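Engineer: just the structure for this:
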Amino acid sequence: MIFLWAFLVGGVICVIGQLLMDVVKLTPAHTMSTLVVSGAVLAGFGLYEPLVDFAGAGATVPITSFGNSLVQGAMEEANQVGLIGIITGIFEITSAGISAAIIFGFIAALIFKPKG
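Structural biologist: Prediction:
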(Lines give C-alpha, C1' and ligand atoms only; values in the text may rest on other atoms or scores of the structure.)
Protein backbone atom coordinates (compact mmCIF):
# COMPACT_ATOMS: atom_id res chain seq x y z
CA MET A 1 0.00 0.00 0.00
CA ILE A 2 2.96 2.32 0.67
CA PHE A 3 4.02 2.06 -2.98
CA LEU A 4 0.53 2.94 -4.18
CA TRP A 5 0.35 6.09 -2.05
CA ALA A 6 3.86 7.12 -3.07
CA PHE A 7 2.93 6.67 -6.72
CA LEU A 8 -0.35 8.57 -6.39
CA VAL A 9 1.02 11.50 -4.38
CA GLY A 10 4.11 11.83 -6.57
CA GLY A 11 1.87 11.59 -9.63
CA VAL A 12 -0.45 14.31 -8.38
CA ILE A 13 2.51 16.63 -7.78
CA CYS A 14 3.74 15.94 -11.32
CA VAL A 15 0.25 16.48 -12.76
CA ILE A 16 0.09 19.84 -10.99
CA GLY A 17 3.41 20.78 -12.56
CA GLN A 18 2.26 19.67 -16.00
CA LEU A 19 -0.99 21.62 -15.65
CA LEU A 20 0.97 24.72 -14.70
CA MET A 21 2.91 24.40 -17.97
CA ASP A 22 0.02 23.37 -20.24
CA VAL A 23 -2.96 25.32 -18.89
CA VAL A 24 -1.39 28.32 -17.15
CA LYS A 25 1.38 28.45 -19.80
CA LEU A 26 4.21 28.86 -17.30
CA THR A 27 7.73 28.20 -18.51
CA PRO A 28 9.52 25.17 -17.02
CA ALA A 29 11.62 27.52 -14.87
CA HIS A 30 8.53 29.27 -13.51
CA THR A 31 6.84 25.92 -12.90
CA MET A 32 9.85 24.62 -11.00
CA SER A 33 10.04 27.80 -8.91
CA THR A 34 6.32 27.60 -8.16
CA LEU A 35 6.63 24.00 -6.98
CA VAL A 36 9.65 24.79 -4.79
CA VAL A 37 7.84 27.74 -3.21
CA SER A 38 4.73 25.60 -2.73
CA GLY A 39 6.77 22.99 -0.87
CA ALA A 40 8.32 25.72 1.26
CA VAL A 41 4.95 27.25 2.11
CA LEU A 42 3.48 23.85 2.99
CA ALA A 43 6.52 23.17 5.20
CA GLY A 44 6.14 26.56 6.84
CA PHE A 45 2.58 25.71 7.82
CA GLY A 46 3.65 22.24 8.99
CA LEU A 47 1.75 20.41 6.26
CA TYR A 48 4.59 18.88 4.25
CA GLU A 49 6.03 16.55 6.92
CA PRO A 50 2.69 14.73 7.39
CA LEU A 51 2.60 14.33 3.59
CA VAL A 52 6.12 12.83 3.69
CA ASP A 53 5.08 10.49 6.50
CA PHE A 54 2.04 9.41 4.47
CA ALA A 55 3.52 9.14 0.96
CA GLY A 56 7.24 8.58 1.56
CA ALA A 57 9.19 8.89 -1.69
CA GLY A 58 6.07 10.23 -3.43
CA ALA A 59 6.61 13.44 -1.46
CA THR A 60 10.40 13.44 -1.05
CA VAL A 61 11.42 12.87 -4.68
CA PRO A 62 9.55 15.71 -6.46
CA ILE A 63 10.98 19.24 -6.49
CA THR A 64 8.52 20.36 -3.82
CA SER A 65 10.70 18.48 -1.36
CA PHE A 66 13.53 20.94 -2.05
CA GLY A 67 11.36 23.78 -0.73
CA ASN A 68 10.55 21.66 2.30
CA SER A 69 14.28 21.06 2.91
CA LEU A 70 15.03 24.77 2.69
CA VAL A 71 12.44 25.63 5.32
CA GLN A 72 13.34 22.72 7.60
CA GLY A 73 17.03 23.64 7.52
CA ALA A 74 16.32 27.29 8.17
CA MET A 75 13.97 26.57 11.07
CA GLU A 76 16.27 24.04 12.75
CA GLU A 77 19.31 26.28 12.53
CA ALA A 78 17.34 29.36 13.61
CA ASN A 79 16.25 27.53 16.76
CA GLN A 80 19.85 26.62 17.58
CA VAL A 81 21.84 29.68 16.47
CA GLY A 82 19.35 32.49 16.12
CA LEU A 83 18.53 34.80 13.25
CA ILE A 84 21.75 34.14 11.30
CA GLY A 85 20.85 30.45 11.42
CA ILE A 86 18.12 31.06 8.87
CA ILE A 87 20.70 31.66 6.16
CA THR A 88 23.29 29.14 7.30
CA GLY A 89 20.67 26.43 7.82
CA ILE A 90 19.45 26.71 4.23
CA PHE A 91 22.95 26.17 2.88
CA GLU A 92 23.88 23.49 5.38
CA ILE A 93 20.97 21.17 4.71
CA THR A 94 20.82 21.60 0.92
CA SER A 95 24.51 21.86 0.05
CA ALA A 96 24.95 18.15 -0.71
CA GLY A 97 22.06 18.08 -3.16
CA ILE A 98 23.09 21.29 -4.89
CA SER A 99 26.70 20.15 -5.13
CA ALA A 100 25.67 16.78 -6.58
CA ALA A 101 23.48 18.47 -9.19
CA ILE A 102 26.32 20.75 -10.27
CA ILE A 103 28.93 17.99 -10.36
CA PHE A 104 26.79 15.44 -12.20
CA GLY A 105 25.50 18.11 -14.60
CA PHE A 106 29.09 19.05 -15.41
CA ILE A 107 30.09 15.41 -15.94
CA ALA A 108 27.08 14.84 -18.21
CA ALA A 109 28.01 17.94 -20.21
CA LEU A 110 31.51 16.56 -20.70
CA ILE A 111 30.34 13.10 -21.76
CA PHE A 112 27.37 13.90 -23.96
CA LYS A 113 27.16 16.21 -26.93
CA PRO A 114 24.56 18.94 -26.26
CA LYS A 115 22.01 19.69 -28.96
CA GLY A 116 20.76 23.12 -29.79
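
Engineer: what's the weakest-modelled helix or strand in the chain?
Structural biologist: When each helix and strand of the chain is scored by mean pLDDT, DSSP states H and E, helix 85-111 comes last, with a mean of 86.

Engineer: which neighbouring elements make contact with that one?
Structural biologist: Using 3 or more Cβ pairs under 8 Å, 6 or more residues apart in numbering; DSSP states H and E as the contact test, the elements touching helix 85-111 are helix 64-81. To be clear about C-beta, it is placed using only N, CA and C from the backbone, and glycine gets the same treatment.

Engineer: what angle separates the helix it packs on from helix 85-111?
Structural biologist: Here helix 64-81 runs at an angle of 140 degrees relative to helix 85-111 (axes from the mean of the first three to the mean of the last three Cα atoms, to 10 degrees).

Engineer: give me the contact list for helix 64-81.
Structural biologist: Identification of contacts with helix 64-81 by Cβ atoms under 8 Å, 6 or more residues apart in numbering yields 13, 35-44, 48-49, 52, 59, 85-94, 97.

Engineer: chain center to the least confident helix or strand of the chain, what's the gap?
Structural biologist: How far helix 85-111 lies from its chain's middle: 13 Å, per Cα atoms, centre = their mean, to the nearest Å.

Engineer: now it: buried residues?
Structural biologist: Gly85, Gly89, Ile90, Ile93, Thr94 (16 or more other Cβ atoms under 10 Å).

Engineer: before we move on, what about stretch 48-62?
Structural biologist: Tyr48, Leu51, Val52, Ala55, Gly56, Ala57, Gly58, Ala59, Thr60, Pro62.

Engineer: report the two of those residues separated the most.
Structural biologist: Distances among the buried residues of stretch 48-62 were taken as Cβ to Cβ; the most separated pair is Tyr48 and Ala57, at 14.0 Å.

Engineer: tell me the secondary structure at Lys115.
Structural biologist: Classification of Lys115 by DSSP: H, G, I helix; E, B strand; the rest coil places it in coil.

Engineer: where does it land on pLDDT?
Structural biologist: Looking at Lys115, its pLDDT stands at 73.
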